[in-house]
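Asker: predicted structure and sequence below. I'll ask about it afterward.
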Amino acid sequence: MAESGIILAGGFATRLRPLSYTKPKPLFPVLGRPVLDWVIEKVAEVTEPVISARYLSNIIKNYVAARWGDRVRVIEEDKPLGDGGAVINVVKSLGLRGPIIVANGDVFTDLSVKSLWEYHKRSGAAVTIALIEVPPDEISRFGIAVLDERGHIKRFVEKPREPIGSNLANAGFYIFEPEAVKEFPESNSGEVKIAKHIIPRLMEKFDIYGYIHRGLWFDIGTYNDYLKANFAALDNCKFCSPEVPGVKIIPPVYMGEGVVIGPGSVIGPYAVIGARSKLGPYVRVKESVLMEGVVAEAGAYIYRSIVGEGVVLGKWVRLIEAVVADGVYVKDEVYVGRGAAVGPNREVEQDVKDGEILP
């Protein structure tokens, strides 16, 4: 089996700001559970997970200690190393000598790491990369692999600007045999990237195979992708049709523990209500994610928005395609418009115009 499964959780998540100012991306919840938990469970199918963290690493360490105890270790980066440099750092820190699995800690997927591992061993490859089909018009967002009939990667292009005859994208899960790990470059001079620096170097010496995953896969790196991940999880959820007396539920809807909703409210479709949230009467929530401990007072209207932990929305507040970060208080009757974003731990007394950013 693999000696270790390195989960990469060190990124800055700049595209998710202002939400990510107080919450590292791997701790963004999907159906009330951090994405990191979903990835840990996948990696644990095969080996012991180890997390590499840097940005807001104390928050990640504290969460992992409370949730997973000593079953999962966290290795902190002392400076930005890039995803490849983070792998090298863990390998050196722990003295790893066997095969390793590497997984991005900010991907929501139903990929089976066990199946990936079994495919890797059958192929006899030194390196295997999990791949996922993406729309042809989105290939410029990803590393794209071109396979031959045996599943061998003939060509790998990072974020191609024009079609290359494939729409198989890097899914952020890798397996490296020890002989491949020995060829990793040194990380002494700047950041090392897996797709840019490690994979091209290994392709010169080894056969690299692609494992095509046909299932759920979402990189939650943008607001829209984060919502899509939650909506896809709702579509595949077996317990997302709750019943609340006096409340109209339009499935699919996820509700965490301790949620209270007032009479006359309408929730769903595609609504995620985090644990211990309290929604007053006549609240409307549709196509939105509310994280833990959100309070929405009477008549609040929330459509296609993301609401951070501990946010308080006053009476008749309206959020339309907006983002409100942790700890914000939005006063009565305030409108937060399309494309607007409100930074953490602040009070909002006046309307936030469409597209306006309050850092």
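Answerer: Okay, I see it.

Asker: most centrally placed residue in the chain?
Answerer: What sits nearest the mean C-alpha location of the chain, by CA atoms, centre = their mean, is residue 106, with 3.2 Å.

Asker: now that residue. Nearest residue, chain neighbours left out?
Answerer: residue 25 (4.6 Å; CB to CB, 6 or more residues apart in numbering). (Each C-beta comes from the backbone N, C-alpha and C, glycine too.)

Asker: now do residue 73
Answerer: For residue 73, the spatially nearest residue (CB to CB, 6+ apart) is residue 50, at 4.9 Å.

Asker: which strand runs longest in the protein?
Answerer: Across the chain, the strand with the greatest residue count (assigned by DSSP state E) is strand 168-176.

Asker: hmm, the residue nearest to residue 73 is touching residue 70, no?
Answerer: No: with contact taken as CB atoms under 8 Å, residue 50 and residue 70 are classed as non-touching, separated by 11.9 Å.

Asker: who has more neighbours out of these two?
Answerer: Neighbours were counted for residue 50 and for residue 70 using other CB atoms under 10 Å; residue 50 has more, 20 against 7.

Asker: can you confirm that one is in a strand?
Answerer: Yes: looking at residue 50 with DSSP: H, G, I helix; E, B strand; the rest coil, it is inside a strand.

Asker: one step back: quick check: phi and psi on the residue nearest to residue 106?
Answerer: For residue 25, the backbone dihedrals are phi -50, psi -40 (criterion: degrees, to the nearest 10).

Asker: do the same with residue 68
Answerer: The phi/psi pair for residue 68 (degrees, to the nearest 10) is phi -120, psi -10.

Asker: ok, it to residue 48 distance?
Answerer: When distances are taken as CB to CB, to the nearest Å, residue 68 and residue 48 turn out to be 11 Å apart.

Asker: just the element for residue 269, please.
Answerer: Following DSSP states H and E, there is no helix or strand that holds residue 269.

Asker: try residue 36
Answerer: In this structure, residue 36 sits in helix 35-43 according to DSSP H and E.

Asker: dump that helix to PDB, keeping only the CA atoms.
Answerer: The C-alpha atoms that make up helix 35-43 are tabulated as PDB, following Å, rounded to 0.1, in the frame of the first residue of the first chain:
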ATOM      1  CA  VAL A  35     -14.300  19.800   1.900                       C
ATOM      2  CA  LEU A  36     -11.200  18.600   3.800                       C
ATOM      3  CA  ASP A  37     -13.200  16.000   5.600                       C
ATOM      4  CA  TRP A  38     -14.400  14.500   2.300                       C
ATOM      5  CA  VAL A  39     -10.900  14.400   1.000                       C
ATOM      6  CA  ILE A  40      -9.500  12.800   4.200                       C
ATOM      7  CA  GLU A  41     -12.000  10.000   4.000                       C
ATOM      8  CA  LYS A  42     -11.100   9.400   0.400                       C
ATOM      9  CA  VAL A  43      -7.400   9.200   1.100                       C
END
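
Asker: any buried residues in that helix, and which?
Answerer: 35, 36, 37, 38, 39, 40, 42, 43 (16 or more other CB atoms under 10 Å).

Asker: contacts for that helix, please.
Answerer: Identification of contacts with helix 35-43 by CB atoms under 8 Å, 6 or more residues apart in numbering yields 5, 7, 9, 25-30, 49, 51, 60, 63-64, 67-68, 72, 101, 103-109, 111-113, 220, 229.

Asker: one more time with 7 Å, if that's ok
Answerer: The contact list for helix 35-43 (CB atoms under 7 Å, 6 or more residues apart in numbering) reads 5, 7, 9, 26-28, 30, 49, 67-68, 72, 101, 103, 105-108, 111, 113, 220.

Asker: how far off centre is that helix?
Answerer: Remark: helix 35-43 is offset 10 Å from the chain centroid, using CA atoms, centre = their mean, to the nearest Å.
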